[in-house]
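Enquirer: next one to model:
(2 chains)
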There are 2 protein chains.
Amino acid sequence: MEPVAIIGASMTQFGQREGKWIQDLLAEAGIECLEDAGVDADDVEHLYVSNMASGEFEGQTGVPNALAHDLDAMPAYTQRVDQTSSSGGAGIYAAWQSVASGASDMTLLVGGEKMTHKTTGEATDVIASLTHPAEYKHGVTLPSFAGLTARHYLERFDAPRESLAKVAVKNHKNGVDNPNAQFQKEIDEETALESPIVADPLRLYDFCPITDGSAALMLCPESVAKEYTDNYALITGIDGATDTHVVHEREDPTVMGGVVESGKGAYEMSGRGPEDIDVAELHDMFTILEFLQMEGLGFAEQGEAWKRVEAGDTERATGDLPINTSGGLKSKGHPLGASGVAQGVEIYEQVVGEAGPRQVDADVGLCCNVGGFGNCVITTIMEAAQ
Amino acid sequence: MEPVAIIGASMTQFGQREGKWIQDLLAEAGIECLEDAGVDADDVEHLYVSNMASGEFEGQTGVPNALAHDLDAMPAYTQRVDQTSSSGGAGIYAAWQSVASGASDMTLLVGGEKMTHKTTGEATDVIASLTHPAEYKHGVTLPSFAGLTARHYLERFDAPRESLAKVAVKNHKNGVDNPNAQFQKEIDEETALESPIVADPLRLYDFCPITDGSAALMLCPESVAKEYTDNYALITGIDGATDTHVVHEREDPTVMGGVVESGKGAYEMSGRGPEDIDVAELHDMFTILEFLQMEGLGFAEQGEAWKRVEAGDTERATGDLPINTSGGLKSKGHPLGASGVAQGVEIYEQVVGEAGPRQVDADVGLCCNVGGFGNCVITTIMEAAQ
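Expert: Down below sits the predicted model:
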């Protein structure tokens, strides 16, 4: 099978996009990505839209059809990909499959979500609906899973509370150099540690915000990519996996089975291992998740990710495994359907050398997009074309 | 590339499924399909869920993760496929891609929707949200598009009003032999013609009902299929295509571009033409749509489908091109995400000779699943394994 390439990417301003609705956001990223890739809308054969809940947030469904119309990409086939908070990663997988199966020679993936017009309570209600009724009907939302897991992790592995704050500080620092990030401001450890408690021991700065935004990627077979550019990325590994939907049924709350399994699949397919990864975007919806993914993906032994963070290994400027160079969900923002796509945009830009002030030395990058509390996870490995 | 096979299928009782929610319905079809295919849940690698609006209808999202859990299919990768009323057909396409790309050697597709706990008005609101705001905000819902198009068709092509009623009568007659159909009762032309007006000239019996239900298909590479059975179907052609999302921008309201384009793609891929099709399931959400799809797929010239219906060509017992042997959406029901999958179930059962009292002589079958008012369409061609 011919390798699948990425030849273009875009990310819109993440944050509170007043007056912009889901259709506007999707069109904005779609148009930018067509321009970035130098592809005519007429040449798009498949168009995937990663979006969790436009119906719930805006009373608007059928957004992929609207986007095909807005981009004037008809008769391109289009479909919505929903895999809750990992809809973006699932979109990369769907787009990859559309090209790898031979169904499409040019696939545009656009992820987006419009959320900030809702109150935090309303948005949390929509997000909580992705968990198992057996849990959320008792009030156990994703932030409370995170709090419980963080408490367990810190106590069991004797990790200092500060190590979680360091994740937030690092990701905020990276976000300063991302003009599309929701927050472009540094914070210090004290600020993080003294912010209001949300789900003890986690505080406000351990959580990503509610965000509007969109992002896009253009995928095609490698032979087609060469007609457009000699600076493209290849998806060399990709896999997705589920863990129990009822979170409390897991044997070890610090092991995310979906991360482990999808990572294993992506490593196997690419012939790479954790030691080959030069840069990674991990799903830091909560700071504790960055630890769990580092461990699940083999970047650290169980219970030891915090040590690598404390040692500075994951810092952009000085570390040997920079994590969340984009600012991560923490400072870049988390518009559900866009987040996984935006992770892909960052890794694509890193491996093709277009990450600007955030550029690190990277030939091989990985992104890991987590749905729910690890209920479904997609891991993607990208490499610079040789 | 290795051909993609279907080795099992299931369809649950369509209708008002009191006390059964989306998770129950999906699990019911999923378990039956595993049994029908003789596949262990452990061997399922990808699991797709066709569902338009569980969030809007039930306040429940993340249903694919719940299904993976309920089937004990973890760590199978899972994702929701939404393409409005064509979510089922889009699911077949997604499942086909997952196998054809080599990502999965065993893919279970389950489509379902739970709708009847809502009032007709509430359900119509959810469905209307799939159309373009420029139209639905002025009150133009899908039934009104159907009424306008039917009026235009009848006048322009000098077709008798009775020809539309004949579609309803035929599909109801077929539904009598489908124990899972919502309506298992014959109607006569007079009943159809005298039923209450919904969108003039269309009346109650020109419309499909609101329905709960689910259906499933099991897909794998042909080499794997042979390990399970020697009576399987092959997907020899499949394609999807969009038309304008703003319906009134179309040049000719009687031509559904998405039907034409997806049909062309599916024919090309399979090396088949309309003359090779022995049986078809068309998306008769409204009776007029059966005419438009017959014409778009080349079963009749423009403006002449009604003549074939009047001549009895599409009758199950006597026609040379039986259409909607399952009862169609009209009598079988239309649980949005399930409908396209159930079309696939009927064509699969017809070509492998398992359609029971509805069996016709068929080696090659076609299904056409329409999203919105032709905004996106997926056409699939299945053939009996040689």
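
Enquirer: from chain B, how far off is residue A:174?
Expert: 29 Å (Cβ to the nearest Cβ, to the nearest Å). Where C-beta positions appear, they are placed from N, C-alpha and C, glycine not excepted.

Enquirer: kindly report the residues of the stretch 151-300 of chain A close to chain B.
Expert: Residues of the stretch 151-300 of chain A that fall close to chain B, judged by Cβ under 8 Å from any Cβ of the partner chain: A:238-246, A:257-258, A:261-262.

Enquirer: pretty sure residue A:325 sits against residue A:361.
Expert: No: using Cβ atoms under 8 Å, residue A:325 is not in contact with residue A:361, being 11.4 Å away.

Enquirer: who's more crowded, those two?
Expert: residue A:325 (30 against 10; other Cβ atoms under 10 Å in any protein chain shown).

Enquirer: and the more buried one, what is it in contact with?
Expert: A:174, A:279, A:281, A:316, A:346, A:350, A:355, A:358, A:360 (Cβ atoms under 8 Å, 6 or more residues apart in numbering or on different chains).

Enquirer: if I look at it, how far off is residue A:111?
Expert: 19 Å (Cβ to Cβ, to the nearest Å).

Enquirer: and what of residue A:317?
Expert: Distance from residue A:317 to residue A:111, by Cβ to Cβ: 29 Å.

Enquirer: these two: which is more packed in?
Expert: Taking other Cβ under 10 Å, residue A:317 and residue A:111 do not tie; residue A:111 has more neighbours (37 against 10).

Enquirer: hang on, the more buried one in a strand?
Expert: Yes: assessed with DSSP: H, G, I helix; E, B strand; the rest coil, residue A:111 lies in a strand.

Enquirer: give me the low-pLDDT residue ranges for chain A?
Expert: Judged by pLDDT under 70, chain A has no weakly predicted residues.

Enquirer: returning to what we had before: which of the residues of the stretch 151-300 of chain A next to chain B sit farthest apart?
Expert: Largest separation among these by Cβ to Cβ: A:238 and A:246, giving 26.7 Å.

Enquirer: look at those two and report which has more neighbours.
Expert: More crowded of residue A:238 and residue A:246, by other Cβ under 10 Å: residue A:238, with 25 against 16.

Enquirer: and the more buried one, that's in a helix?
Expert: No: the assignment for residue A:238, made by three-state DSSP, is strand rather than a helix.

Enquirer: and it, what are its bridge partners?
Expert: residue A:380 (DSSP bridges).

Enquirer: now stretch A:297-315, how far from the centre of its chain.
Expert: Averaging C-alpha positions (Cα atoms, centre = their mean, to the nearest Å) puts stretch A:297-315 20 Å from its chain's average.

Enquirer: buried set for it?
Expert: Using 16 or more other Cβ atoms under 10 Å in any protein chain shown as the test for burial, stretch A:297-315 gives A:297-300, A:305-306, A:308-309, A:313-315.

Enquirer: so which elements touch the helix or strand residue A:280 falls within?
Expert: Counting by DSSP states H and E, the element that carries residue A:280 is strand A:279-281. Here strand A:279-281 touches helix A:336-352, strand A:364-371, going by 3 or more Cβ pairs under 8 Å, 6 or more residues apart in numbering or on different chains; DSSP states H and E.
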